[in-house]
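*Asks:* Structure for this input, please:
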Amino acid sequence: MKIAIASSGLGHVARGIETWALDTAVALVNKRTARVELLDLMKLPLDDKKTFELIQAGDTTGVFQMESRGFRELIR
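*Replies:* Below is the predicted model of the structure:
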């Protein structure tokens, strides 16, 4: 992936790097694990009950932008 720096600003570059990092992580998971089905982020359910229960309980340590004390207090 190429990142072009133009007048769009640093925010777009940062998002490009985040996307690259996520794509790289998914590729590594798929390469290093013996899965019947490859990990595809677009197929992850957006309404997973267990995930919402963890978030509601404030169990968000390690979740990007959701692990701060203020955020955990907000979602409880």
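*Asks:* Distance of Val63 relative to Leu38?
*Replies:* For Val63, the distance to Leu38 under the criterion Cβ to Cβ, to the nearest Å works out to 23 Å. C-beta coordinates here come from the backbone N, C-alpha and C atoms, glycine included.
*Asks:* Look at Gly16 and report its pLDDT.
*Replies:* Reported pLDDT at Gly16 in the predicted model: 57.
*Asks:* mind checking how far Leu54 is from Asn30?
*Replies:* Separation of Leu54 from Asn30 (Cβ to Cβ): 24 Å.
*Asks:* ignore the last one, Asp47
*Replies:* Using Cβ to Cβ, one gets 24 Å for the distance from Asp47 to Asn30.
*Asks:* Between those two, which has more neighbouring residues?
*Replies:* More neighbours surround Asn30 than the other of Asp47 and Asn30, with 13 against 6 (other Cβ atoms under 10 Å).
*Asks:* That one in helix, strand or coil?
*Replies:* Secondary structure for Asn30, judged by DSSP: H, G, I helix; E, B strand; the rest coil, is helix.
*Asks:* For it, which non-adjacent residue is spatially closest?
*Replies:* Counting by Cβ to Cβ, 6 or more residues apart in numbering, Leu38 is the residue found nearest to Asn30 once chain neighbours are left out, at 4.7 Å.
*Asks:* and the one you found, how many neighbours does it have?
*Replies:* Residues near Leu38, counting by other Cβ under 10 Å, number 12.
*Asks:* Find the helix or strand that Gly70 is a member of.
*Replies:* Gly70 is part of helix 69-75, with elements assigned from DSSP states H and E.
*Asks:* okay, that helix in PDB with CA atoms only?
*Replies:* Output in PDB follows, covering the C-alpha atoms of helix 69-75 (Å, rounded to 0.1, in the frame of the first residue of the first chain):
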ATOM      1  CA  ARG A  69     -11.000   4.900  33.000                       C
ATOM      2  CA  GLY A  70     -13.300   7.800  31.800                       C
ATOM      3  CA  PHE A  71     -14.600   5.700  28.900                       C
ATOM      4  CA  ARG A  72     -15.200   2.700  31.100                       C
ATOM      5  CA  GLU A  73     -17.200   4.800  33.600                       C
ATOM      6  CA  LEU A  74     -19.200   6.300  30.700                       C
ATOM      7  CA  ILE A  75     -20.300   2.900  29.400                       C
END
